[in-house]
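>>> quick one: sequence and predicted model below, then my questions.
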Amino acid sequence: MALLVFQHVAKTFPQSAYAAVRDCTFEVAAGQFVTLLGPSGCGKTTLLKMVNRLVEPSAGAIFLNGVNIRALNVTALRRQIGYVIQQIGLFPHLTVAQNIAVVPELRGWKKPRIDARVDELLELVKLAPAYFRARYPAQLSGGQQQRVGLARALAADPDLLLMDEPFGAIDAITRASLQDEMLRLKNSIHKTILFVTHDVEEALRLADKIVVLRAGEIVQYDTPYNILTQPKNEFVRALVGANDMLRQLSLVRVATVMQPLPENFADAGAPTLSADENLREALSKILASGATMLVVTRQAEPVGVVRLEQIRALSRER
Amino acid sequence: MILFEAFQYAASRATEWRDALGQHLLFVAVALGIGIIVCVPLGFVTARSRLAALGILNAANALRVIPSLAILFLAIPYFGLSFTSAALALTLLALPPILLNTDAAFRGIAPTLQEAALALGMTWRQRLWRVELPLALPVILTGVRAATLEVIASATLAAFIGGGGLGIYVTRGFALFDNAILLVGAISVALLALSAELLLSGLERLARVPQ
């Protein structure tokens, strides 16, 4: 079932003549990583902030687990949704551990449980608890701060995580490593994630599905592969149509492209690769082996196939 | 030596000196107590509301322009030559620095932190106690420190309108043309101001956000 449903959601800010968001209808399935992609001012952040009611829609409704979020107590709603922002927003007067403990404390957890959770989360975001617990945010680098920000958002184990350009203010190398972390986390924590970005590569790399927004409207909602191979119009084509095809192949994960196993599938010794690899790896395996089809595996179990035609479709589009 | 004479004079009237100091401290306590109780909530409001800020902050600034002595004498027609007159005047003096700093302190909290507090699901009361007040505290304390020094210094003038305090030595020394007596008041007030400064700047350092 869809965890999150947007129904004809619109927002016009009081002082503004234009609608920031207009008539957005889409669904996010549980466990999916969906990015909201578009140029600045396209309404992606506004759309995101309507989910935890930092912004109230002018029209339409949003449903979380089938319940209209307007029917929920607003603070209770926010405590069950993780939120990560570009400016990180760690409280400077609290230690790392205290920052992470904010929501568990608001929810009334007992201290031993909170302490254990803080350590668990610091391990998860790869910060040594013994060293980082008692640090203050000002003593950390930007990348470390955002890891803490992520840990804070995950603290009370929310089903849904909202991320607003979380890596936007972080240098390119650290950003790439944080994106890797996100992919790793995505597989291990099974959260539904709504992720705002204006960075096409980031969107292609992380997303299961991408919502392309323009001037407050959804232009296309599809997998990274379909958006690359079947852009709906010139706008999407221009947005994602970077010239470096190999670069794009390296961004699209096999998992988002693979087709189901054929009916009469028998492991006929076809080369295999992991679902977490990208299409560039797939291409080089195809080139090296001479096969036209690769078997995609998860934990050594075949789960689908990826074919040479699919990769060629990406190059035909230009 | 005049300092020694001053010390001898104070030592010979230890009880009087202690009472004067007590009275002086009472002025400080009353003025700051009322100042903090009134101005911290008021500053919180002015930081939020442009309309409130316009009226109240301008009034506070206007109050600041009036000299201490004038405020002191302005109270006399209403409360006579009394402790009340002096305490009222000193309270009026304490208000502007506390109010203006509290306003600046709450205004200075980064909007992203306010949004983070909101998004984490804090109620407005939790935001106030857990986030806004702790972050505003160092700047509020700076205002309190400025107000304290101003009140300690100005409370000396209370003696001119019969309010007591350490200023009695200044008025007496002045009347008797005895600089030693005058110094008892001056040095006591200076030492008091210095201790207050040390104490409050220490508190301020404690409240500051760790770097």
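Great, that's in hand.
>>> how far does the worst-scoring helix or strand of chain B on mean pLDDT sit from the chain's center?
Ranked by mean pLDDT, DSSP states H and E, the helix or strand of chain B with the weakest confidence is helix B:68-79, at a mean of 78. Remark: helix B:68-79 is offset 17 Å from the chain centroid, using Cα atoms, centre = their mean, to the nearest Å.
>>> who's in contact with the closest residue to residue A:219 other than its chain neighbours?
Nearest non-adjacent residue to residue A:219, counting by Cβ to Cβ, 6 or more residues apart in numbering or on different chains: residue A:212, 4.5 Å away. C-beta: built from backbone N, CA, C; applies to glycine. Residue A:212 makes contact with A:37, A:38, A:218, A:219, A:220, A:221, A:227, A:232, A:235, A:236, A:239, according to Cβ atoms under 8 Å, 6 or more residues apart in numbering or on different chains.
>>> which ones among those map onto strands?
A:37, A:218, A:219, A:220, A:221 (DSSP state E).
>>> out of those, who's the most crowded?
residue A:37 (29 neighbours; other Cβ atoms under 10 Å in any protein chain shown).
>>> tell me the pLDDT of the nearest residue to that one once chain neighbours are set aside.
The shortest distance from residue A:37 to any non-neighbouring residue, by Cβ to Cβ, 6+ apart, is to residue A:203 (4.3 Å). We have a pLDDT of 93 for residue A:203.
>>> including pLDDT, could the contacts of residue A:212 go into a markdown table?
Putting these into a markdown table (pLDDT from 0 to 100) gives the following:
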| residue | pLDDT |
| --- | --- |
| A:37 | 95 |
| A:38 | 92 |
| A:218 | 95 |
| A:219 | 95 |
| A:220 | 95 |
| A:221 | 96 |
| A:227 | 90 |
| A:232 | 90 |
| A:235 | 91 |
| A:236 | 90 |
| A:239 | 86 |
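>>> where exactly do the strands run in chain B?
Under DSSP E, chain B gives no strands.
>>> buried stuff in stretch B:152-169?
Using 16 or more other Cβ atoms under 10 Å in any protein chain shown as the test for burial, stretch B:152-169 gives B:152, B:154-161, B:163-169.
>>> of these, which is the nearest to residue B:93?
Residue B:93 lies nearest to residue B:154 out of these, by Cβ to Cβ, at 5.6 Å.
>>> and the longest helix along chain B, what's buried?
Looking across chain B with DSSP state H, the single longest helix is helix B:14-48. For helix B:14-48, burial by neighbour count (16+ other Cβ under 10 Å) applies to B:17, B:20-21, B:23-25, B:27-28, B:30-32, B:34-36, B:39-40, B:42-44, B:46-47.
>>> and it, how far from the chain's centre?
6 Å.
>>> likewise stretch B:159-173?
19 Å.
>>> using CSV, write out every CA atom in it.
Presented in CSV, the C-alpha positions along stretch B:159-173 are these (Å, rounded to 0.1, in the frame of the first residue of the first chain):
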residue,chain,number,x,y,z
ALA,B,159,21.1,59.5,48.7
PHE,B,160,20.4,62.9,47.2
ILE,B,161,16.7,62.3,47.5
GLY,B,162,16.9,60.6,50.9
GLY,B,163,16.8,57.0,49.6
GLY,B,164,19.9,55.9,51.5
GLY,B,165,22.5,53.5,50.1
LEU,B,166,26.2,54.0,49.8
GLY,B,167,25.6,57.4,48.3
ILE,B,168,25.1,58.8,51.8
TYR,B,169,28.9,59.0,52.2
VAL,B,170,29.1,60.9,49.0
THR,B,171,26.5,63.5,50.0
ARG,B,172,27.9,63.6,53.5
GLY,B,173,31.5,64.1,52.3
